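Engineer: give the three-dimensional model of this entry:
(chains A, B, C and D)
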There are 2 protein chains.
Amino acid sequence: MRKPLPRPTDAELAILRVLWDHGPATVRHVHEALSGTRETGYTTTLKLMQIMAEKGLVRRDESARTHVYAARLPQEETQRQLVSHLLDRAFGGSAAELVLQALKAGETSPDQLRQIQELIDSHRGAE
Amino acid sequence: MRKPLPRPTDAELAILRVLWDHGPATVRHVHEALSGTRETGYTTTLKLMQIMAEKGLVRRDESARTHVYAARLPQEETQRQLVSHLLDRAFGGSAAELVLQALKAGETSPDQLRQIQELIDSHRGAE
DNA sequence: TGACAACTACGAACCCGTTCGTAATACTGG
DNA sequence: CCAGTATTACGAACGGGTTCGTAGTTGTCA
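Structural biologist: Numbers count the residues shown, from 1 in each chain, chains lettered A, B, ... in the order given. Have a look, this model is predicted:
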């Protein structure tokens, strides 16, 4: 009966990344971690995290006065959801095309190339 | 002095895909092509394309009474822009992670795997 | 204890994307 | 030529995302 979680927005994703990196955290901690890149007020971060709790993107522990938030889905699953959406709307489902553009878009170190190579190998092995 | 074009939204991307597939086209044509998947009115498509012309996402030939629209950027460049954005906001710039999720997200045929393999090879060759 | 600080809750404002209704204009068939 | 049709232009409404101000509550410490 539970619906799939909505895709996080950009601002929400920034918050989730802090939670994934650091583990469960308070609004204060997330806000501090984000203060380098974002320049918004504390209550903005608070409001966003409250909304994310409503949406189910994060869990909230209210046992203490200062609430503690945690990401509800693992990072990989959210990433897959986002990639899947992009795949549909911009690539007509062609993963190969997406990979091509991914390689062109970002600098890819030899080390990363090796990782990708292993991925391909394991996929091909399953044929 | 000209600014980079904004990222197309989802609705805009649907229109762009028609223009990429078909070449320059009228609002009528785009609307018909989209009528299978979208169920919006004609004026909605028109308005979107007018806004896209303002943004610079499409060029508009007004020489005839019925205007003809064409995508301003090639598909690959727009795709790269979108991938790049996703790479930054969801993957911390790690293309390898993105590729991994792309392979998990969509069904990848052996044929596509071979294409990707060739991509990797050419990239590694340039080391 | 009393004043101050931290935290949550809430609502309002604003922008953007999307959708559509309506009006004005040009074209076309009878 | 005239009525009907297609096309463009424009404004308005609506929802969602983001930001913040303010109020109320709880904790702290001098």
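
Engineer: from the chain's centre, how far out does stretch A:76-96 sit?
Structural biologist: Relative to the mean C-alpha coordinate of its chain, stretch A:76-96 is positioned 13 Å out (C-alpha atoms, centre = their mean, to the nearest Å).

Engineer: so does that stretch get close to chain B?
Structural biologist: Yes: Stretch A:76-96 is in contact with chain B by C-beta under 8 Å from any C-beta of the partner chain, via A:76, A:78-80, A:82-84, A:86-87, A:89-96. Placement of C-beta: from N, CA and C, glycine included.

Engineer: ChimeraX command for the buried members of those residues?
Structural biologist: Buried subset of these, written as a ChimeraX selection, criterion 16 or more other C-beta atoms under 10 Å in any protein chain shown:
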select /A:78,79,80,82,83,84,86,87,89,90,91,94,95,96
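
Engineer: please, where are all the strands along chain A?
Structural biologist: Secondary structure of chain A (DSSP state E): strands located at A:58-61, A:68-71.

Engineer: okay if I get these as CSV plus mean pLDDT?
Structural biologist: Compiled in CSV, the strands of chain A are given as follows (pLDDT from 0 to 100):
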stretch, mean pLDDT
strand A:58-61, 98
strand A:68-71, 98
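
Engineer: would you turn those strands into JSON lines with mean neighbour count?
Structural biologist: Compiled in JSON lines, the strands of chain A are given as follows (neighbours: other C-beta atoms under 10 Å in any protein chain shown):
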{"stretch": "strand A:58-61", "mean neighbour count": "16"}
{"stretch": "strand A:68-71", "mean neighbour count": "19"}
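
Engineer: right, and these - which one's nearest residue A:3?
Structural biologist: With C-beta to C-beta, the closest approach to residue A:3 among the strands of chain A belongs to strand A:58-61: 16.2 Å.

Engineer: how near is residue A:103 to residue A:93?
Structural biologist: Residue A:103 sits 19 Å away from residue A:93, going by C-beta to C-beta, to the nearest Å.

Engineer: ditto for residue A:101
Structural biologist: 14 Å.

Engineer: ok, back up a step: just tell me which of the strands of chain A ends up closest to residue B:122.
Structural biologist: Closest approach to residue B:122 among the strands of chain A (C-beta to C-beta): strand A:68-71, 37.2 Å.

Engineer: show me what counts as buried in stretch A:15-24.
Structural biologist: Residues of stretch A:15-24 classed as buried: A:15, A:16, A:17, A:18, A:19, A:20 (neighbour count, 16+ other C-beta under 10 Å).

Engineer: show me which residues of chain A are close to DNA strand C?
Structural biologist: A:26, A:27, A:28, A:42, A:43, A:46, A:47, A:50, A:62, A:65, A:66, A:67 (C-beta under 7 Å from any atom of the strand).

Engineer: quick one: which of the residues you listed has the most company?
Structural biologist: Neighbours here mean other C-beta atoms under 10 Å in any protein chain shown. Within those, the largest count is held by residue A:27, at 20 neighbours.

Engineer: find the nearest non-adjacent residue to that one, please.
Structural biologist: Once its chain neighbours are removed from consideration, residue A:27 has its nearest residue in residue A:46; the separation is 4.9 Å (C-beta to C-beta, 6 or more residues apart in numbering or on different chains).
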